[in-house]
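S.K.: Show me how the following folds:
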Amino acid sequence: NTQLDYVEEASTTYYLKVLSLSRIYLDNFKNIQSSHVTQTMQIGLVGLHFGANDLGSVMIEENVISSTNFKVRIPKVDDMVRAIKSAGFVPAQRDTYYNIIRIFN
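M.R.: Got it, this is the predicted structure:
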């Protein structure tokens, strides 16, 4: 019986607007992530063109989103590399601190 009983989902357009404005206004943030988990791979890739420089990670398991009964497809490394290249970017593997471990040319 609260206002949270129904929360309107943000549209794809709104998500991409927030992402691009984040890049402009948060210029002191080196990395901004577009989510392939919550937004689908296709929208995650579009987010790279809207200012994000990170598509998220290849996860061993995902418990937070899946606990909401939202179906999550966890891509394999090859899938991520192929998708990022198809969007016109050079994929790289990073650690938690955003140190580049490997570049996929």
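S.K.: end to end, how far does stretch 33-44 reach?
M.R.: With CA to CA, to the nearest Å as the measure, stretch 33-44 spans 9 Å from end to end.
S.K.: Quick check: mean pLDDT of that stretch?
M.R.: For stretch 33-44, the mean pLDDT works out to 90.
S.K.: quick one: buried residues of that stretch?
M.R.: Going by neighbour count (16 or more other CB atoms under 10 Å), the buried part of stretch 33-44 is 33, 34, 35, 36, 37, 38, 39, 41, 43, 44. (Each C-beta comes from the backbone N, C-alpha and C, glycine too.)
S.K.: again with stretch 11-19
M.R.: 15, 16, 19.
S.K.: Would you mind measuring from the second one to residue 40?
M.R.: Applying CB to CB, to the nearest Å, the value for residue 16 to residue 40 is 12 Å.
S.K.: sorry, back to before: which one of the buried residues of stretch 33-44 sits closest to residue 24?
M.R.: Residue 24 lies nearest to residue 34 out of those, by CB to CB, at 15.1 Å.
S.K.: Quick test: name the residue nearest the centre of the protein.
M.R.: Compute the mean C-alpha point of the chain, and by CA atoms, centre = their mean the closest residue is residue 35, 1.9 Å away.
S.K.: hang on, the earlier thing: quick one: which of the buried residues of stretch 11-19 sit in helices?
M.R.: Secondary structure from DSSP state H places 15, 16, 19 of the buried residues of stretch 11-19 in helices.
S.K.: With distance to residue 104 and pLDDT added, can I get those in JSON lines?
M.R.: As requested, these are exported to JSON lines (distance: CB to CB, whole Å; pLDDT from 0 to 100):
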{"residue": "15", "distance to residue 104": "26", "pLDDT": "95"}
{"residue": "16", "distance to residue 104": "25", "pLDDT": "97"}
{"residue": "19", "distance to residue 104": "23", "pLDDT": "96"}
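S.K.: For the worst-scoring helix or strand of the chain on mean pLDDT, C-alpha coordinates in CSV please.
M.R.: Ranked by mean pLDDT, DSSP states H and E, the weakest helix or strand in the chain is helix 36-39, scoring a mean of 85. Extracted in CSV, the C-alpha atoms of helix 36-39 (Å, rounded to 0.1, in the frame of the first residue of the first chain):
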residue,chain,number,x,y,z
HIS,A,36,23.8,-5.4,-21.0
VAL,A,37,22.3,-7.2,-18.1
THR,A,38,19.4,-4.8,-17.3
GLN,A,39,19.0,-3.2,-20.7
